[in-house]
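A.B. asks: please find the sequence and the predicted model below.
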Amino acid sequence: MEFNDNQAIYLQIADLFCENILRKKWNPGDRIPSVREMAVDIEVNPNTVMRTFNYLQEKGIIYNKRGIGYFVSDNGFDKTRSLKKEDFINQELPRFFKMMELLNLNISDLESLHHSYLKSNSGI
Amino acid sequence: MIEINQLSYGYKRKQEALKSMDLSVGPGNICGLLGLNGAGKSTLLKAIAGLVTPHSGEIKTLGHPPYKRDPEFLREVVIITEEFTLPDFSVGKYIELYSPFYPRFNHTAFQRYLEEFQLTNDQKLTGLSYGQKKKFLLSFGLATDSKLVLLDEPTNGLDIPSKSQFRKVVANAVHDERTLIISTHQIRDMENLIDPIIILDQGKIIFYENLESITQKLSIRRTDILPKEGVIYHETYLGGYTILTENQSGEHTHMNLEILFNAVVGQKEKIQSVFNQQVNA
Amino acid sequence: MHSYFDISRFWLLMKLELFKSRRGVAMTLVIIFGLSFFLGMIVDLAIEPLTLVFDHYENYTFSLLIGGFILSSLAFHGLRNTLTRYQFLMVPVSAFERVVCMWLLTSLGWILVFTLTYTLYTLVANTIGQLLFSHVKFNAFNPFSEQAFTPMKYYFVCQSVFLVGAAYFRGYVFPKLLILLIVTAFIALIIAYSFMHDVILADDHTVEECDLENMPSVKTVWTCAKFFFWWLLAPINWVLTYLGLKDQEV
């Protein structure tokens, strides 16, 4: 896993989890890999992965079955989507708007770009 | 696991390598021990392992005074130093002779580590390269399931794929009853592995925090203009600045350990005052 | 007690030490038998054609002592430098177990192994010798004879000195200890001479020629020295070895 320089690692791992849920790699009710498996896989301290698990549990995205492991909540998909949406609006968009300003792009430019994006990706 | 009170030790009486040090380490951690050359890191590891006897102060490792080198203590401690020698046995013979000293030696785990590091049982220890020897010692040390593993510069001499294998093996080997202390200058090899961070300077511990509290109290970010206030430490980066400030926003930023280390060593008082503040509810 | 001595740990240590020393012991034996055969027997008989009877006790004594002393001084070889000390000191055994183990191996173990192999060697050496020197009578070597037993006793006691050396010197134990012993012996001689120099000069006698019965003070000293040698020297050395081993640092 490649880490970026902006966010704390436990949050970056949470992003990875969220992506897996949004891409339906992990579905509601699925068991997700254990703390140790994740830690070995992405080469980080198990405590850090534990922090990710706690964070996502707090957000209601995953839950813990004692002695068995962690599972994606029944409404995990929706919760993940609203969490990511919030993140996107609070973090990504301000950066994006700043860039638009710098490059002198306006919302109608975006509209046509978005239109052609949808067209070219319609097959996927 | 480790309780140190006012510990002093020096090779020469006047120049003490450890000066009235206090330290307490619990189980279930991969502690990173950082410090400039000569800060006393190796001496501290030796004191913990019972390889030197302190001049004054108290030290207890796993409930034992380590310098007495009680066999029941020794079988729970493994130290892998930067330089070492190995006997002229094969890997298999070494395991046959040394593993029975460790009551919980895990042969399955050992074989897995060997495989991960691409070593085999019939290889002769004296015929291995430095990096391979180190990987062998790491495999053995971690497979003992000893409660304490002390590593001095473990990634020195490891090739590029081995560093990643090292992180995997270590992440797998730590558990609730076990602590690893890794002394290193190769901060990038360990970046997401070590937690808490212990920083040593001139024989004293000047910083000892876990990542959770570090990310809560400090943040590191990039800016184009250097703010006039609030910057504890900064480095220039591609025409802009990487700044370390107190965490005001509550956002948890990535902790670049190199910058954290430089800040702690360079701005000791400022950093300490951030961590010593009373949290106002 | 468990932290000082544990029998299963002790056997593990024995096994480990035996395996580690396998080459050293094999080499020592080869050198000893080579020297005993070529120098101690063939050359000896060749340059002294008048010898009619040959026996092995002299060679046995010499090789038992020298070979054993060299091996004993290597008893704590792991202490020789900082790097090996780490390995040595971190093995989960007690200092007491180490001392007992090395004492058993280098003292009783060496006497046993060496005497056994020496007996076998003499069988071969006598056969070859008989072929080369038909006029000489080769006496069989009897390991249970007084002549073999006396050097064993001396070895048993003197060997302890080399264990002490092995525990205190870092590397090159044998030469260092030899120099130390020679210097000590020299000083002792000077002291002895200064005490008895009246006696020696007065009658123009050597000490051995003096009638000890008539000199109670000399006799007492001699008895004490003998008692010290046979009953105290080795135990004191064993304790010293233990103390030296206990307080090692890297």
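C.D. replies: Thanks, I have the structure now.
A.B. asks: give me every residue in chain A lying close to chain B.
C.D. replies: A:3-12, A:36, A:39-48, A:51 (C-beta under 8 Å from any C-beta of the partner chain). Glycine gets a C-beta too; all of them are placed from N, C-alpha and C.
A.B. asks: recalculate using a threshold of 7 Å.
C.D. replies: Residues of chain A that fall close to chain B, judged by C-beta under 7 Å from any C-beta of the partner chain: A:3, A:5-9, A:11, A:36, A:39-40, A:43-48, A:51.
A.B. asks: put the buried members of these into a PyMOL selection.
C.D. replies: What follows is the PyMOL syntax selecting those of the residues of chain A next to chain B that are buried according to 16 or more other C-beta atoms under 10 Å in any protein chain shown:
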select buried, chain A and resi 7+8+9+11+36+39+40+43+44+45+46+47+48+51
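A.B. asks: ok, and the closest non-adjacent residue to residue B:131?
C.D. replies: Using C-beta to C-beta, 6 or more residues apart in numbering or on different chains and skipping residues adjacent in sequence, the residue nearest residue B:131 is residue B:157, 4.6 Å away.
A.B. asks: and the one you found, how many neighbours?
C.D. replies: 15 (other C-beta atoms under 10 Å in any protein chain shown).
A.B. asks: what about it, distance to residue B:5?
C.D. replies: Per C-beta to C-beta, to the nearest Å, residue B:157 is found 35 Å from residue B:5.
A.B. asks: and residue B:250, by the same measure?
C.D. replies: 36 Å.
A.B. asks: show me which of those two is the more surrounded one.
C.D. replies: Neighbour count, other C-beta under 10 Å: between residue B:250 and residue B:5, residue B:5 has more, with 13 against 7.
A.B. asks: helix or strand for the more buried one, which one?
C.D. replies: strand B:2-10 (DSSP states H and E).
A.B. asks: determine the set of other helices and strands touching that strand.
C.D. replies: Applying 3 or more C-beta pairs under 7 Å, 6 or more residues apart in numbering or on different chains; DSSP states H and E, one finds that strand B:2-10 contacts strand B:16-25, helix B:41-49, strand B:56-61.
A.B. asks: distance between it and the chain's centre?
C.D. replies: Here the centre of strand B:2-10 is set off from its chain's centre by 17 Å, with C-alpha atoms, centre = their mean, to the nearest Å.
A.B. asks: where are the low-confidence patches of chain C?
C.D. replies: The model of chain C has pLDDT under 70 over residues C:1, C:198-214.
A.B. asks: in it, which spans are strands?
C.D. replies: C:53-54, C:137-138 (DSSP state E).
A.B. asks: what residue of chain A is the furthest out?
C.D. replies: Seen from the C-alpha centroid of chain A, the residue lying at the greatest distance (C-alpha atoms, centre = their mean) is residue A:104, 29.7 Å away.
A.B. asks: gap between that one and chain C?
C.D. replies: Taking C-beta to the nearest C-beta, to the nearest Å as the measure, residue A:104 falls 66 Å from chain C.
A.B. asks: tell me where the chain has helices.
C.D. replies: Chain wasn't specified; assuming chain A. A:9-22, A:35-42, A:46-58, A:76-87, A:93-103, A:107-120 (DSSP state H).
A.B. asks: that's the wrong chain, I meant chain B
C.D. replies: Using DSSP H, helices in chain B cover B:41-49, B:71-74, B:91-98, B:107-116, B:130-143, B:160-173, B:187-190, B:211-217, B:257-266, B:268-276.
A.B. asks: one more: chain C?
C.D. replies: Shown for chain C, the helices assigned by DSSP H span residues C:7-20, C:22-37, C:44-47, C:57-73, C:82-90, C:95-103, C:110-132, C:146-168, C:173-203, C:216-227, C:233-246.
A.B. asks: for these, which one sits closest to chain A?
C.D. replies: helix C:82-90 (26.0 Å; C-beta to the nearest C-beta).
A.B. asks: okay, the angle between that closest one and helix C:233-246?
C.D. replies: 100 degrees (axes from the mean of the first three to the mean of the last three C-alpha atoms, to 10 degrees).
A.B. asks: got the angle between helix C:82-90 and helix C:95-103?
C.D. replies: Going by the same axes, to 10 degrees, helix C:82-90 makes 110 degrees with helix C:95-103.
A.B. asks: which positions in helix C:82-90 come out as buried?
C.D. replies: Buried residues in helix C:82-90 (16+ other C-beta under 10 Å): C:84, C:85, C:86, C:87, C:88, C:89, C:90.
A.B. asks: hmm, who's touching that helix?
C.D. replies: B:49, B:51, B:69, B:74, B:79, B:81, B:83-85, C:78-79, C:248, C:250 (C-beta atoms under 7 Å, 6 or more residues apart in numbering or on different chains).
A.B. asks: 8 Å - rerun?
C.D. replies: Helix C:82-90 has contacts (C-beta atoms under 8 Å, 6 or more residues apart in numbering or on different chains) with B:49-51, B:69, B:74, B:77-79, B:81, B:83-87, C:76-79, C:248, C:250.
A.B. asks: list the buried ones in stretch C:49-68?
C.D. replies: By neighbour count on 16+ other C-beta under 10 Å, the buried set for stretch C:49-68 is C:54, C:55, C:56, C:57, C:59, C:60, C:61, C:63, C:64, C:65, C:67, C:68.
A.B. asks: so what's whichever residue of chain A sits closest to chain C up against?
C.D. replies: Nearest to chain C in chain A, going by C-beta to the nearest C-beta, is residue A:45, at a distance of 26.0 Å. Residue A:45 makes contact with A:39, B:30, B:171, B:174, B:192, B:193, B:194, B:195, B:211, according to C-beta under 8 Å, 6+ apart.
A.B. asks: next, format the residues you listed as JSON lines and append distance to residue B:183 and pLDDT.
C.D. replies: Compiled in JSON lines, the contacts of residue A:45 are given as follows (distance: C-beta to C-beta, whole Å; pLDDT from 0 to 100):
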{"residue": "A:39", "distance to residue B:183": "21", "pLDDT": "95"}
{"residue": "B:30", "distance to residue B:183": "12", "pLDDT": "96"}
{"residue": "B:171", "distance to residue B:183": "18", "pLDDT": "94"}
{"residue": "B:174", "distance to residue B:183": "16", "pLDDT": "94"}
{"residue": "B:192", "distance to residue B:183": "18", "pLDDT": "91"}
{"residue": "B:193", "distance to residue B:183": "13", "pLDDT": "94"}
{"residue": "B:194", "distance to residue B:183": "10", "pLDDT": "95"}
{"residue": "B:195", "distance to residue B:183": "15", "pLDDT": "91"}
{"residue": "B:211", "distance to residue B:183": "18", "pLDDT": "92"}
